[in-house]
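Chemist: predicted coordinates and the sequence they were generated for:
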Amino acid sequence: MKSENIQKIILDIKENCNLSKRSVEDVVLIGASKSQTIEKIIVAYEEGIKNFGENYLQEAEKKISQLDQDIIWHFIGSIQSRKAKRIAEIFDWVHTIDSFKVAEKLNSSRPKSKGALNACLQLNIDDEESKSGLKIEDLEEIIQKIEALENLKIRGLMVIPKPRDSKEEQRQVFRKVKEIYDSLIRQGHNFDTLSMGMTSDYGVAIQEGATMIRIGTGIFGPRI
């Protein structure tokens, strides 16, 4: 891992914000730290990254218990019902709610002392059978149910589109997600977060409205 990786991404974020006439403060960089060592996370933290995303609970527990820096921890993997209780106890954000059952478990397990758990609904924008996430037509109903849960705060949407052959095709799918997001806001939902874009496509995601990007390889290098 090289600190130049992080500086390049930070510069890219600024350039893409300038292209889309957005403030760089509007985009949160999350270091996707699955399979990365605590030492690498510390280096990234010292380079200015304060948000880290983990996919697996057991791995994350060890890291969170050993790092006392003011890190904001995001759960960005699939949420198994039996692990929802612990996820609710130790994370600041979850990006992958895809059912009301999971939302209820997170809500009932969230310690009152930690305040409401920040959450995004995972949208399966491509209707892929093999991928988690909610269908577009199911969003409104589940949002209304979850908004009644006092220990969860729905902040917006998260999406992992399937790879496209061109940047323009990527742009179109991100634009579609942004239109859905904006439509939900117009309906009265108090959203402020659109979690989309990874190492291969974060530039166009920012241009189309992403407020959080999740970068693994671009920060830490290829996983061994």
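Modeler: Cool, the structure landed.
Chemist: so, low pLDDT: which residues of the protein?
Modeler: Residue ranges of the chain with pLDDT under 70: 1-2, 224.
Chemist: the lengthiest helix in it: which residues count as buried?
Modeler: Identified as the longest helix of the chain according to DSSP state H is helix 167-186. Using 16 or more other CB atoms under 10 Å as the test for burial, helix 167-186 gives Gln170, Arg171, Val173, Phe174, Val177, Lys178, Ile180, Tyr181, Leu184. In this view, the C-beta of every residue, glycine as well, is placed from N, C-alpha and C.
Chemist: closest to Gly156 among those residues?
Modeler: Checking the buried residues of helix 167-186 against Gly156 with CB to CB, the nearest one is Tyr181 at 6.4 Å.
Chemist: and the gap between that closest one and Arg110?
Modeler: Distance, Tyr181 to Arg110, using CB to CB, to the nearest Å: 24 Å.
Chemist: before we move on, what about Gly77?
Modeler: 18 Å.
Chemist: what of Asn151?
Modeler: Asn151 sits 4 Å away from Arg110 when distances are taken as CB to CB.
Chemist: so for those two, which residue has more residues nearby?
Modeler: Arg110 (23 against 18; other CB atoms under 10 Å).
Chemist: shouldn't that one be in contact with Ala116?
Modeler: Yes. Arg110 lies in contact with Ala116 (CB atoms under 8 Å); the separation is 7.1 Å.
Chemist: so what sits against both of the two?
Modeler: Common neighbours of Arg110 and Ala116, counting by CB atoms under 8 Å, 6 or more residues apart in numbering, are Asn151, Leu152.
Chemist: how about the secondary structure of Cys120?
Modeler: Classification of Cys120 by DSSP: H, G, I helix; E, B strand; the rest coil places it in strand.
Chemist: that one contacts Met196, correct?
Modeler: No. If you go by CB under 8 Å, Cys120 and Met196 don't touch, sitting 9.8 Å apart.
Chemist: and the strands in the chain, which stretches?
Modeler: Secondary structure of the chain (DSSP state E): strands at 28-32, 51-54, 72-75, 93-97, 117-123, 152-159, 193-195, 212-215.
Chemist: thank you, goodbye.
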